[in-house]
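[1] please work out how this folds:
(2 chains)
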Amino acid sequence: MRGRPLLHTSYAQDMALLDTPAKRLWAALLVALAFALPVVLADRSLEVLSGAYALAIGAIGLNIVTGYAGQVSLGHAFFVAVGAYTAAALSAPPGGRTLGFGLTEIWIWLPAAGLAAAAAGVLVAPLATRLRGLYLAVVTLGLVFLGEHVFKEWKALTGGPGVGREAAVPRLLGYPLDQDGPLGTKEQVLYVLMLALLVGFAVAARNLARSRVGRAFAAIRDRDIAAAVIGVPLTRYKVLAFGVSSFYAGCAGGLLFTVSGYVEPGSFSLLLSVQFIAMVLIGGVATVSGSIAGALFISLLQPLTRTLPALVPLVSADTTRTPNVFQVETVLYGLLIVLFLVFEPRGLVGLWIRVRGYWKSWPFSY
Amino acid sequence: MKGLLEAVIRGLGNGSVYALLALGFVIIYKATRVISFAQPALMLAGGVAVSHLAGTTGFYAAVPLAALLVAGVALGVERAAIRPMVGRPAFVVAIITLGVDVVVRVVVNAFIGRDVRQVGDPWGFAQVELGPLVVQQRWLAMLAVTAALVALLFAFFRYTRYGLAMRAAAHDQETALAQGISVGAVFALSWAIAGFLAAVAGAFAGTGQGIEQSTWVIALKALPAIIVGGLDSLGGAVAGGLVVGVVESLFQSYQGEYAPWLGQNFAVVSPYVVMLVVLLVRPYGLFGTREVERV
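    Residues are numbered from 1 along each chain as shown, chains lettered A, B, ... in the order given. Modelled structure (predicted):
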């Protein structure tokens, strides 16, 4: 079959994670390049990218429930918060100003953060099985507000609004990952950690999507009654979708704040949920690579707009002046969501498919 | 008892603002099957427009002017961002309105600035005595204006050509098209009405305390209101808005005394608790119609 990579002669081939040699090559090259970046880039850029990778894990989670299983959730920020606070509380030293248990090993607090968030997701899921579409969107939105209230009031855990608390401390087998050490600077070590975790989570999500569970999710998304008729247990799979998605969100929450080392309960507002939705939509619905691309895109938007005042004199870096960078950034979020949905609903992945399609059939137009 | 009644009247006053917003949500939902998350921005725009106009025209003339202005903005939004999406899943269009909301709000915020803007209303925090009760005049004004607008709106739907067209299109778009109704015009009209109502709500939300950048959060309380009332019921929207307002006001008055463990400002999130409780019992709200499901 040499030279005919798209000819599949077995189911195993058809369902392979990367089904053509070109994809395997490029995926390997991309991952290798990403792992090589700490040698080249400055610590400041690595910090931005580490944050983006943590967000990408959360975006993959939202894509599992919203993209693959079709259950619209505006409540992702709540699950991220549950994970962030579980991780922070477990890893903080006991007896401090805020709750702490002194379990700084990342292999303890990261799964714990995921499981706590997953438990919250499973608790919410019974509502989700009763509701559909926009009803569900509004209810999950309510969840964000309730969660924000709880986290603002539970000062022993969160430190309270405006004060906050220290975030999870990553240690691996006694080695502190958040300090400069023999393996490299703090940013370099954290970058490699986030990247390795992202690759793991991404591969797991791809595997989930191509399994029996993933097919059940897709069936529910496309037509839930039809799915029930062909024997997909709706309740079980909707609960599962929320559970897995929240697990990803919880892990993302635990990791997200290790870079800055500080969590504030105001961070988990509706805006964070909207940002996750934007990542999924701009990146590409129901694609793992799209979630990662979307998260990178949204995270890089911020540092890019910060450079605007130097290029466009009309835009000011001063928050009291009217076209300032924060306003431009917010407008860009909104505009990009609208423009992508109107012109390229498949998102960045769709743009890539267009480019690929053009060159595949070149010089013919189809 | 006196305190309770005063709290209820305050709740009805605030609730009537929620009811106006909720009506906008429901009208758009009935016409296009989409929840418009752009309502908060339109409400804020209305309040800000009134605050700028009131200086020259006075509050009473500024409210209808601002409402017409915002209705125009809503028409523009519908034409530019929503009409091209006809036939696409409701979720996608809802997210588009979320994007529109973010953009419009940034623009409107530029007109607000850092400080609170007064809308120039004649009531302020002035109070009036109703028998033994002492209540703020603005609650009564809100209630009266909302009652008048709701009556007008229901008459419009019941007795006019366009109202009939809107009801027909809400019932079945294809059949309505076949009868010669311009469904596009119905979409536009529903957005314009929703914008108008949101602007009036914005003006009244700004009475007394004024308009600031964070005022838009008020409009989100209309979401529990429409869910409680049922997404596709106009009467439900009004009832839901009033219920949400009263519940919030009661929590404001009594929660600190009877349930302090719920934390400060629990009243702000109490509408969402009401929403969850109602949904657990009735997944389609109090007055909503159960969806008929066909494969």
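[2] which residues touch residue 217?
    Unless you meant another one, I'm taking chain A. With contact taken as Cβ atoms under 8 Å, 6 or more residues apart in numbering or on different chains, A:F217 is in contact with A:I64, A:Y68, A:A69, A:G70, A:A209, A:Y237, A:A241. Just so you know, the C-beta spots here come from the backbone N, C-alpha and C atoms, and that holds for glycine as well.
[3] wait, I meant chain B there
    B:P40.
[4] what's the pLDDT at the residue nearest to B:P283 when sequence neighbours are not counted?
    The spatially closest residue to B:P283, leaving aside those adjacent along the chain, is A:R130, at 4.7 Å (Cβ to Cβ, 6 or more residues apart in numbering or on different chains). Note on A:R130: pLDDT of 76.
[5] quick check: phi and psi on A:R130?
    phi -90, psi -20 (degrees, to the nearest 10).
[6] what number of residues lie near it?
    17 (other Cβ atoms under 10 Å in any protein chain shown).
[7] surely it meets B:V281?
    No. Judged on Cβ atoms under 8 Å, A:R130 makes no contact with B:V281 at a distance of 10.3 Å.
[8] phi and psi next, for A:V169.
    For A:V169, the backbone dihedrals (degrees, to the nearest 10) come out as phi -100, psi 120.
[9] and if you look at A:P182?
    According to degrees, to the nearest 10, A:P182 has phi -60, psi -20.
[10] again, but for A:G95
    Torsion angles at A:G95 (phi, psi; degrees, to the nearest 10) stand at phi 80, psi 10.
[11] quick one: it from B:L12, how far?
    Noted for A:G95: a distance of 50 Å to B:L12, by Cβ to Cβ, to the nearest Å.
[12] what ranges does chain B have for its strands?
    Applying DSSP state E to chain B gives strands spanning B:127-130, B:133-136.
[13] pairing partners for the last one, with directions?
    The reference is to strand B:133-136. Sheet pairing of strand B:133-136 (DSSP bridges) gives strand B:127-130 (antiparallel).
[14] buried set for stretch A:323-341?
    Neighbour counts using 16 or more other Cβ atoms under 10 Å in any protein chain shown place A:324-325, A:327-334, A:336-338, A:340-341 of stretch A:323-341 among the buried residues.
[15] inside helices: which ones of the residues you listed?
    Under the assignment DSSP state H, the buried residues of stretch A:323-341 contribute A:325, A:327-334, A:336-338, A:340-341 to helices.
[16] tell me which strands and helices the longest helix along chain B is in contact with?
    Longest helix in chain B, counting residues (DSSP H): helix B:2-32. Secondary-structure packing of helix B:2-32 (3 or more Cβ pairs under 8 Å, 6 or more residues apart in numbering or on different chains; DSSP states H and E): helix B:39-57, strand B:133-136, helix B:137-159, helix B:161-171, helix B:183-205, helix B:217-220, helix B:222-229, helix B:234-258.
[17] can you list the low-confidence ranges for the chain?
    You didn't pick a chain, so chain A it is. Regions of chain A meeting the criterion pLDDT under 70 cover residues A:1-3, A:314-322.
[18] let's do chain B instead
    Using pLDDT under 70, chain B drops low at B:293-295.
[19] can you tell me the centre-most residue of it?
    B:L21 (0.5 Å; Cα atoms, centre = their mean).
[20] so what's the residue count around B:T97?
    Neighbour count of B:T97, defined by other Cβ under 10 Å: 26.
[21] what does the one 4 residues further on give?
    A count of neighbours around B:D101, defined by other Cβ under 10 Å, yields 23.
[22] B:A67 now?
    For B:A67, the neighbour count with other Cβ under 10 Å is 24.
[23] so which bits of the stretch 1-150 of chain A are right by chain B?
    A:72, A:127, A:130-135, A:137-139, A:141-143, A:145-146, A:148-150 (Cβ under 8 Å from any Cβ of the partner chain).
[24] thinking again about what came up before, look at A:G95 and B:L12 and report which has more neighbours.
    Neighbours around A:G95 and B:L12, counted as other Cβ under 10 Å, are more numerous at B:L12. The numbers are 21 against 8.
[25] against chain A, how distant is that one?
    For B:L12, the distance to chain A equals 22 Å [Cβ to the nearest Cβ, to the nearest Å].
[26] thought that residue was touching B:A144?
    No. The pair B:L12 / B:A144 is not scored as a contact, 10.9 Å apart, by Cβ under 8 Å.
[27] count the neighbours of the residue nearest to the residue nearest to the centre of chain B when sequence neighbours are not counted for me.
    Computed as Cβ to Cβ, 6+ apart, the closest residue to B:L21 that is not its neighbour in sequence is B:A222, at 3.6 Å. Around B:A222 there are 29 other residues, counting by other Cβ under 10 Å.
[28] isn't B:A222 right up against B:F37?
    No. Applying Cβ under 8 Å, one finds B:A222 not in contact with B:F37, separated by 10.9 Å.
[29] so what's B:F125 closest to, chain neighbours aside?
    Excluding its sequence neighbours, the residue lying closest to B:F125 (Cβ to Cβ, 6+ apart) is B:G208, at 5.2 Å.
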